[in-house]
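Q: My questions concern the predicted model and sequence given below.
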Amino acid sequence: TKFLTNSQGFEQENMMTLLDDGQHKEPTYRNIMDAFSWIARAAQPGDTVWIHYSGHGGRVEDQDGDEDDGYDETLIPVDFQSAGQIRDDDLLKYLVKPMREGV
């Protein structure tokens, strides 16, 4: 976060950090999805949105036929065994499509 605030002009109150370090909010399925919804609601035209994910990814069988290769790419939250993986379709639905034009 220091790089983003000191070098890039981002404000700390406009950031959310999820880490499995015992000091931050855990990167669970719900917390990641809530963060994406928060970003989509808060971002205004002209804003720059920067998201960094450093974790496991995967793929699961496509459920709606929109993937040429038959698989959705996924993010794997810390609670994936109970909550499931976050599909690329979820990112489109809850992060990308709700953003205002011009973000």
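A: That came in fine, so what should we check first?

Q: mind listing the strands for the protein?
A: If you assign secondary structure with DSSP state E, the strands in the chain sit at 57-61, 71-75, 86-87.

Q: okay, those strands in CSV with distance to Trp50, mean pLDDT and mean neighbour count next?
A: All C-beta spots, glycine's among them, are computed from the backbone N, C-alpha and C. CSV is the format used below for the strands of the chain (distance: least, CB to CB, whole Å; pLDDT from 0 to 100; neighbours: other CB atoms under 10 Å):
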stretch, distance to Trp50, mean pLDDT, mean neighbour count
strand 57-61, 18, 96, 12
strand 71-75, 16, 97, 18
strand 86-87, 18, 98, 22
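
Q: How about the residue most central in space within the chain: what's its closest non-neighbour residue?
A: Among the residues of the chain, the smallest C-alpha distance to the mean C-alpha position (CA atoms, centre = their mean) belongs to Phe36, namely 4.9 Å. Counting by CB to CB, 6 or more residues apart in numbering, Leu95 is the residue found nearest to Phe36 once chain neighbours are left out, at 4.1 Å.

Q: where does the one you found land on pLDDT?
A: For Leu95, the pLDDT comes out at 96.

Q: Go through stretch 43-60 and flag the buried ones.
A: The neighbour-count check on stretch 43-60 (16 or more other CB atoms under 10 Å) flags Ala43 as buried.

Q: show me where the chain has helices.
A: Secondary structure of the chain, counting by DSSP state H: helices at 2-6, 29-42, 80-83, 88-91.

Q: Centre of the chain to the second one, how far?
A: Taking the mean of its C-alpha atoms, helix 29-42 sits 7 Å from the chain's own mean (CA atoms, centre = their mean, to the nearest Å).

Q: Many thanks, I have nothing further to ask.
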